[in-house]
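1. Pasting a predicted model and its sequence here:
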Amino acid sequence: MVISAGRDDTSILITLTARHVAPDVTISVAVRNEDNERLARQAGATVVINPVSFAGLLLAGSTDSAHISDYIGDLASSSGRVQLNEREVTAEECGKPLSAIARGLGVRVYRDGKPHGFWEPEAASLVPGDYIVEILPTLRTEAEID
């Protein structure tokens, strides 16, 4: 379920109601005030997105790291050159490090619901049930992107 009511208090109330009605559903909620992120999680949100904070980070970072901001914007765009993908590790990838995954560039492993970066020991050997976050090229041509 995606909740973006335009007002944080309304989004949090909808989240509380949704969690009560559907205890197992994944709930993604947008809040604009950083102080309300914790409240949204307490209300039962699985994922909390703050578009104001995200935009602020991109803007601030662009002043001295234009290429990083450009890449992050590309990742966040539906029409960018790269995309993030989440998937379960394959049987062939088990036992291998995250750096040796079959497709994209592995950046994070989720094991038992906990995130582990590519530099952490957990990423040295993938196990069944792991979820990985990878960066993949989009399937668009250069002409379509430009």
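-> Thanks, I have it.
2. Can you check which helix is longest in this protein?
-> helix 8-21 (DSSP state H).
3. got the contact list for it?
-> Defining contact as CB atoms under 8 Å, 6 or more residues apart in numbering, one finds that helix 8-21 is touched by 1, 3-5, 25, 27, 29-33, 36, 39-40, 43-45. Placement of C-beta: from N, CA and C, glycine included.
4. Filter those residues down to just the buried residues.
-> When the contacts of helix 8-21 are checked for burial by 16 or more other CB atoms under 10 Å, the buried set is 3, 27, 29-31, 36, 39-40, 43-45.
5. Narrow those residues to those in strands?
-> 3, 29-30 (DSSP state E).
6. Using the record's domain definitions, break the chain down for me.
-> 1-76, 79-145 (automatic domain parsing).
7. all helices in this structure, in order from the N-terminus.
-> Applying DSSP H to the chain gives helices spanning 8-21, 35-43, 51-62, 66-76, 142-145.
8. tell me, which of the ones you listed is the model least confident about?
-> Least confidently modelled of the helices of the chain is helix 142-145, at a mean of 51 by mean pLDDT.
9. picking up where we left off before, of the ones in strands among the buried ones among the contacts of helix 8-21, closest to residue 94?
-> Closest approach between those and residue 94, by CB to CB: residue 29, at 33.9 Å.
10. ok, that closest one - contacts?
-> With CB under 8 Å, 6+ apart, residue 29 has these contacts: 2-4, 11-12, 14-15, 40, 43, 45, 47-49.
11. could these go into TSV alongside distance to residue 99?
-> As requested, those are exported to TSV (distance: CB to CB, whole Å):
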residue	distance to residue 99
2	33
3	36
4	36
11	38
12	40
14	41
15	37
40	34
43	38
45	32
47	26
48	30
49	29
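12. Give me the local confidence score for the most centrally placed residue in the chain.
-> The residue lying closest to the centre of the chain (CA atoms, centre = their mean) is residue 84, at 7.7 Å. In this prediction, residue 84 carries a pLDDT score of 88.
13. For residue 138, see how far away it is.
-> The span separating residue 84 from residue 138 equals 11 Å under the rule CB to CB, to the nearest Å.
14. Please apply the same query to residue 5.
-> With the distance defined as CB to CB, residue 5 ends up 31 Å from residue 138.
15. Please give me every residue in contact with the closest residue to residue 90 other than its chain neighbours.
-> What sits nearest to residue 90 in space, not counting adjacent residues and going by CB to CB, 6 or more residues apart in numbering, is residue 102, at 6.5 Å. Residue 102 makes contact with 90, 92-93, according to CB under 8 Å, 6+ apart.
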